[in-house]
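[1] return atomic coordinates for the entry below.
(one chain, ligands or ions: 1)
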Amino acid sequence: MAISESTREQLDELVARYPRPRSALMPMLHLVQSLEGEVTPEGIALCADMAGVSAAEATAVASFYTMYKRRPVGRHHIGVCINTMCGLLGGDAVYDALSERLGVGHDQATPDGEFWLERIECQAACTHAPVMTVDWEFMDDVTPASAVDIVDRLQRGETVHSTRGPAIRDFRATEHSLAFPEDGLAAEGTPVDDKMLAGLRLAKERGMSAPAVPAGQEG
Ligand code: FES
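    Prediction:
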């Protein structure tokens, strides 16, 4: 896909946000990924050129971080956390159910390009384990049946909401938000709930506090 003038202008805008152009490389790669659902060699070359780094350096970034994809993800990215907490509470069973439903394995897209399935690492959402993500929106406390139901509803074209509120869009829209977070959606949903604050509440009830930072180690 030829990169449009509008995309170049957005890349320029990202570069202008930082004191040094190379600091914009990661959001630039997300922006490029929002175009086709993958980071193409052409996209990497353009980002490298505009960020003032070599194509090898930009490729190193794009191949190191797992959120950058070198093959098309398709319409929806489905992530299933299989780290310790989620794994213990059923994450592997959720992954197996989705793999069977979609007919694909880890890091694979369905032939119709609708879904990409991926085992993902801890999303710092262990309070609601096992956790699944759809286009990086949280689906908390999933079960094999509820995970498959989410995929079924997306496939039928129904509007599906994250358990934290926001409506699921698609992978490319999320990628654009990762480049430009000021999309007006930050206030959607309830990112923090009682369960997440339980530890803090207990600590307050029991008069607990963090140990003082030793002199000379502040900040
Ligand atoms: S182990 Fe799954 S979110 Fe932390």
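[2] what residues are up against the closest residue to D96 other than its chain neighbours?
    Spatial nearest neighbour of D96, excluding adjacent residues (C-beta to C-beta, 6 or more residues apart in numbering): P144 at 7.3 Å. In this view, the C-beta of every residue, glycine as well, is placed from N, C-alpha and C. By C-beta atoms under 8 Å, 6 or more residues apart in numbering, the contact set of P144 is 90, 93-94, 96-98.
[3] for PyMOL, what selects the buried ones among those residues?
    A single PyMOL command is used to select the members of those judged buried by 16 or more other C-beta atoms under 10 Å:
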select buried, resi 90+93+94+97+98
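[4] mind putting the contacts of P144 in CSV, secondary structure included?
    Below are the contacts of P144 laid out as CSV (DSSP: H, G, I helix; E, B strand; the rest coil):
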residue, secondary structure
G90, coil
A93, helix
V94, helix
D96, helix
A97, helix
L98, helix
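[5] in TSV: the contacts of P144, plus pLDDT.
    Output for those, formatted as TSV (pLDDT from 0 to 100):
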residue	pLDDT
G90	97
A93	98
V94	98
D96	98
A97	98
L98	98
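[6] hmm, back to that, what about the residue nearest to D96, distance to the ligand?
    16 Å (C-beta to the nearest ligand atom, to the nearest Å).
[7] ditto for A147
    14 Å.
[8] helix, strand or coil: sort out that residue for me.
    Applying three-state DSSP: A147 is helix.
[9] tell me how the chain divides into domains.
    5-64, 76-171 (automatic domain parsing).
[10] for V213, which of the ones you listed is the nearest?
    Of all these, domain 76-171 sits nearest to V213, with 23.0 Å by C-beta to C-beta.
[11] where do the helices sit along this structure?
    Secondary structure of the chain (DSSP state H): helices located at 5-16, 25-36, 41-51, 55-64, 84-88, 91-102, 144-155, 171-179, 198-205.
[12] near the ligand, which residues of this structure?
    81, 83-86, 122-123, 125-126, 129, 131 (C-beta under 6 Å from any ligand atom).
[13] strands - which of these land there?
    Counted as lying in strands by DSSP state E, out of those, are C81.
[14] just the buried ones from the residues of the chain next to the ligand, in PyMOL syntax?
    Burial among these is assessed by 16+ other C-beta under 10 Å; the matching PyMOL selection reads:
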select buried, resi 81+83+85+86+123+125+126+129+131
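[15] these two touch, right, R169 and W136?
    No - R169 is beyond contact range of W136, at 10.4 Å (criterion: C-beta atoms under 8 Å).
[16] before we move on, back to that, give me whichever of the helices of the chain is most buried.
    Each of those was scored by mean neighbour count; the highest is helix 25-36, a mean of 22, by mean count of other C-beta atoms under 10 Å.
[17] what's the angle between that helix and helix 41-51?
    150 degrees (axes from the mean of the first three to the mean of the last three C-alpha atoms, to 10 degrees).
[18] so which elements touch helix 25-36?
    helix 5-16, helix 41-51, helix 55-64, helix 171-179 (3 or more C-beta pairs under 8 Å, 6 or more residues apart in numbering; DSSP states H and E).
[19] contacts for that helix, please.
    Contacts for helix 25-36 (C-beta under 8 Å, 6+ apart): 1, 3, 7, 10-11, 14-15, 39-40, 43-44, 46-48, 50-51, 53, 58, 61-62, 65, 67-69, 72, 172-173, 175-176, 178-180.
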